[in-house]
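Trainee: fold the following and give me the result.
(chains A and B)
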Amino acid sequence: MDAGALGLYVCLFVALYFEVFLMISFFEKRPSKKDSYLPARYPSVSMLVPCFNEEKTLAGTIDSLLAMEYPKEKLEIVVIDDGSTDRTAEIAKRYEQACHAPDYSGAVVSFLQKQNGGKYTALNLGIERSHGEIIGCLDADSFAAPDALMEAVKMFGNDHTAMAITPAMQVYKPRKMLELMQSVEYTFGIFYKKMFDNLSAINVLPGPFSMYKREVFEKIGPFKHAHNTEDMEIAFRMHANGLRIVNAHNTYVYTTVPTTVRSLLRQRTRWSQGFLQNAHDYKYMFFNRRYGNFGMLVLPFALSAFVSGIYAALYLFYRFMSAGADRLIDRFATGVPLTIPHAPHIDLFFLNIGMMSFVIAAVIALTLIAIWIGSGIAKTRLTPKAFLAYFALFGLLAPLWLIRAAWGAALARESAWR
Amino acid sequence: MSPMQWHKYVLTFVITAAIFVTAFFIAGTFDAQRVADIRATQEAVSINILSLETQFDLMGSLSCSTISDNPVLSEELNTLAARLSVAEENLGQDDAQVISLKKQYSLLEIKDYLLMQHISDKCSKFKPVYILYFYSNKGDCPDCGKMGDVFTYLRETYPGLRVYSFDYHLDLSVLRTLVALRKIDADKGLPAFVVNNRAPVYGFKTLQEMQKLIPELKTLATTTAVQ
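Mentor: You can find the predicted model right below:
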């Protein structure tokens, strides 16, 4: 066995180890079903909507917040325009004015405007100017289910140690191949987020509908620039300060996702590079028992997945290209004409089935089980086309953003927002 | 922070390792099945050769058309070669089972080669074109892969062409005798091959050179247009 293949086995072992760990966690503590109980108490909630040029989706986002099944007097919606150059401010102002109408009975909508300074500055202004006991964030390209807030508040009520809550995030009306690919990926994410919760090791508080107790910011300070991934850094910082994050798997949030390869690569490069740079900033947490499974499992695995993804992609690319080049050179040297390969034999004997095939099959099988569990948790419906898109595209695209992110981090270059 | 559950880390390691071990054994079972498959094919080829030899002995005054209309084992030997190549790739060229299979395969090839010669002596209508090809995969023959490609192409293009390939370094007394009889000298450089009992040719030859070296190819039927 060559060293390259051995490296691939190491990558597969790490991937399998992680999946098995999550499966064990699942069987130890299965996610609870949605119940019809109401919260014992309704704390005041400020939903912050930071936006920058979100004229297409902002109205939908605010509408989804206004439609929340929550006492209106306890809900405040704060739209913060981070220096948009489109009609974002106009739309937000319209909602603000509407709530001053005498017959208005919905939640209060307030509008703040500032010069462009990045999402974290918009969030911090919102935190500063809002009044809620609970602070929620909702990206202006996302929509929450009507009972999402109720479910999140119930989670805070049931678990008094919870200082922040992440939702179950799904792709909003996936249609194109890239959206379908991401719908499967997000469903897989629903599973592992819940398992991370079981391990007290949630690694990110995503923009769409993450909720915080106000005291979090009083204890550890506001959002930071954090390499354009403030939602990841705040999770790291909360772990560093022993503040617990839980996953409210019955809180459904729908987000729009990139629909072009270019925008997807940009988004994922930002996330991946942000992880590398934040991981560097918090490197003392790696393999540090003080930070529990977050330091011992999640951070090391995330980094190894990063390295493995790049390694496997480069190794397979090298093997494929060198085999192709050898074949081409041989053809020229031998004078044998290039012909269309024969139709493959339907003969099990000639199938390239070795140990690696079975290990890969095990990894894929566990991934499919995880996706199936994830779709059960969030009641998502995944079509065969979505699985096809996932298995055909993800392996091709992920290495691209990983390599770009590694390159960007190595050069200490700031990743682009959009 | 919840307390660390070290037993879970250990349990996960054990399960993951168990999956790897299972994969190893399943792959081993597949390989064993491949070897059994090759042995079964070899047995079938062996029976066919014996049957032909007996038929040849019985033939006496019978018409040669019985045999020339029925072009013997070329296809089966080719299939066997392809299967052996897969087994060699999966189990490794130094694997004892692979070496044993290669020896049996070489013996079958030699038997088929001798039978063909007998038939062509007896039946003037039957004029086979055959090549004894000597290769090495010990690292002393960088051009053997390319030469193999040329022979594969020729074999596919001319189904009537019989290419008997032998691992020069295979420790088999019959093979050593054949090497001595055909005066193959590895010091002159492998690959080496003999066309229809002519003098050995050494070194890599392109497809075009091979077509010039074997004018008899023109007499053989082709599966595709020859370029």
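Trainee: quick one: name the residues of chain A near chain B.
Mentor: A:13, A:16-17, A:20-21, A:24-25, A:199-200, A:242, A:289-293, A:296-297, A:330-331, A:333-337, A:339, A:349-350, A:353-359, A:362 (Cβ under 8 Å from any Cβ of the partner chain). Every residue, glycine included, has its C-beta placed from N, CA and C.
Trainee: skipping its backbone neighbours, what lies nearest B:Ile131 in space?
Mentor: B:Val163 (4.8 Å; Cβ to Cβ, 6 or more residues apart in numbering or on different chains).
Trainee: near that neighbour, how many other residues are there?
Mentor: By the criterion of other Cβ atoms under 10 Å in any protein chain shown, B:Val163 has 22 neighbours.
Trainee: in the helix or strand hosting A:Leu125, which residues are buried?
Mentor: In this structure, A:Leu125 is located in helix A:119-129 according to DSSP states H and E. Residues of helix A:119-129 classed as buried by neighbour count (16 or more other Cβ atoms under 10 Å in any protein chain shown): A:Lys119, A:Tyr120, A:Thr121, A:Ala122, A:Leu123, A:Asn124, A:Leu125, A:Gly126, A:Ile127.
Trainee: surely the third one touches A:Gly83?
Mentor: No - using Cβ atoms under 8 Å as the test, A:Thr121 is too far from A:Gly83 to be in contact (9.7 Å).
Trainee: list residues touching both of these two?
Mentor: By Cβ atoms under 8 Å, 6 or more residues apart in numbering or on different chains, A:Thr121 and A:Gly83 have these common neighbours: A:Lys114.
Trainee: residues contacting A:Gln273?
Mentor: A:His227, A:Arg404, A:Ala405, A:Ala406, A:Gly408, A:Ala409, A:Ser415.
Trainee: ditto for B:Thr12
Mentor: Contact analysis of B:Thr12 by Cβ under 8 Å, 6+ apart lists A:Tyr17, A:Val20, A:Phe21, A:Ile24.
Trainee: just the helices in chain B please.
Mentor: Ranges of helices in chain B, per DSSP state H, are B:6-59, B:65-68, B:74-91, B:96-122, B:144-157, B:173-181, B:207-213.
Trainee: for chain A, that is, sorry about that
Mentor: Taking DSSP H as the test, the helices found in chain A are A:3-28, A:58-66, A:88-98, A:119-129, A:148-158, A:177-198, A:214-220, A:230-240, A:261-281, A:292-293, A:299-334, A:355-378, A:384-410.
Trainee: can I get those in JSON lines with mean pLDDT?
Mentor: Listed next are the helices of chain A as JSON lines, based on pLDDT from 0 to 100:
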{"stretch": "helix A:3-28", "mean pLDDT": "93"}
{"stretch": "helix A:58-66", "mean pLDDT": "93"}
{"stretch": "helix A:88-98", "mean pLDDT": "93"}
{"stretch": "helix A:119-129", "mean pLDDT": "95"}
{"stretch": "helix A:148-158", "mean pLDDT": "93"}
{"stretch": "helix A:177-198", "mean pLDDT": "95"}
{"stretch": "helix A:214-220", "mean pLDDT": "96"}
{"stretch": "helix A:230-240", "mean pLDDT": "96"}
{"stretch": "helix A:261-281", "mean pLDDT": "95"}
{"stretch": "helix A:292-293", "mean pLDDT": "93"}
{"stretch": "helix A:299-334", "mean pLDDT": "91"}
{"stretch": "helix A:355-378", "mean pLDDT": "93"}
{"stretch": "helix A:384-410", "mean pLDDT": "94"}
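Trainee: ok, which of those comes nearest B:Glu216?
Mentor: helix A:299-334 (20.4 Å; Cβ to Cβ).
Trainee: so which bits of the closest one are buried?
Mentor: So, applying 16+ other Cβ under 10 Å, buried residues of helix A:299-334: A:299-302, A:304-306, A:308-313, A:315, A:330-331, A:334.
Trainee: kindly report the same for stretch B:89-100.
Mentor: Applying 16+ other Cβ under 10 Å to stretch B:89-100 flags B:Asn90, B:Leu91, B:Asp95, B:Gln97, B:Val98, B:Ile99 as buried.
Trainee: equivalent analysis for stretch B:11-20, please.
Mentor: B:Thr12, B:Ile15, B:Thr16, B:Ile19, B:Phe20.
Trainee: same check on stretch B:139-159?
Mentor: So for stretch B:139-159, counting by 16+ other Cβ under 10 Å, buried means B:141, B:143-144, B:146-158.
Trainee: right, and A:Thr383 touches A:Leu180 too?
Mentor: Yes - A:Thr383 lies in contact with A:Leu180 (Cβ under 8 Å); the separation is 7.3 Å.
Trainee: how about the residues of chain B near chain A?
Mentor: Checking chain B against chain A by Cβ under 8 Å from any Cβ, the hits are B:1-4, B:8-9, B:11-13, B:15-16, B:19-20, B:22-24, B:26-27, B:30, B:34, B:37, B:82-83, B:86, B:90, B:145-146, B:149-150, B:153, B:206-209, B:224, B:227.
Trainee: same thing but 7 Å
Mentor: B:1-2, B:4, B:8, B:11-13, B:15-16, B:19-20, B:23-24, B:26-27, B:30, B:34, B:37, B:83, B:86, B:90, B:145-146, B:149-150, B:153, B:206-208, B:227 (Cβ under 7 Å from any Cβ of the partner chain).
Trainee: sorry, back to before: OK, contacts around the residue nearest to B:Ile131?
Mentor: Taking Cβ atoms under 7 Å, 6 or more residues apart in numbering or on different chains, we find B:Val163 in contact with B:Ile131, B:Tyr133, B:Phe151, B:Leu154, B:Arg155.
Trainee: just to revisit the earlier point, ranking by neighbours, what's the top pick from the contacts of A:Gln273?
Mentor: In the contacts of A:Gln273, the most neighbours by other Cβ under 10 Å go to A:Ala405, 24 neighbours.
Trainee: wait, it sits on A:Arg266?
Mentor: No - using Cβ atoms under 7 Å, A:Ala405 is not in contact with A:Arg266, being 10.8 Å away.
Trainee: if we can go back for a sec, make TSV out of the buried residues of stretch B:11-20 and add distance to B:His169 and pLDDT.
Mentor: TSV is the format used below for these (distance: Cβ to Cβ, whole Å; pLDDT from 0 to 100):
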residue	distance to B:His169	pLDDT
B:Thr12	47	95
B:Ile15	44	96
B:Thr16	41	96
B:Ile19	39	95
B:Phe20	34	95
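Trainee: include distance to A:Glu90 when you put those residues into a markdown table, please.
Mentor: Below are the buried residues of stretch B:11-20 laid out as a markdown table (distance: Cβ to Cβ, whole Å):
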| residue | distance to A:Glu90 |
| --- | --- |
| B:Thr12 | 54 |
| B:Ile15 | 57 |
| B:Thr16 | 56 |
| B:Ile19 | 58 |
| B:Phe20 | 60 |
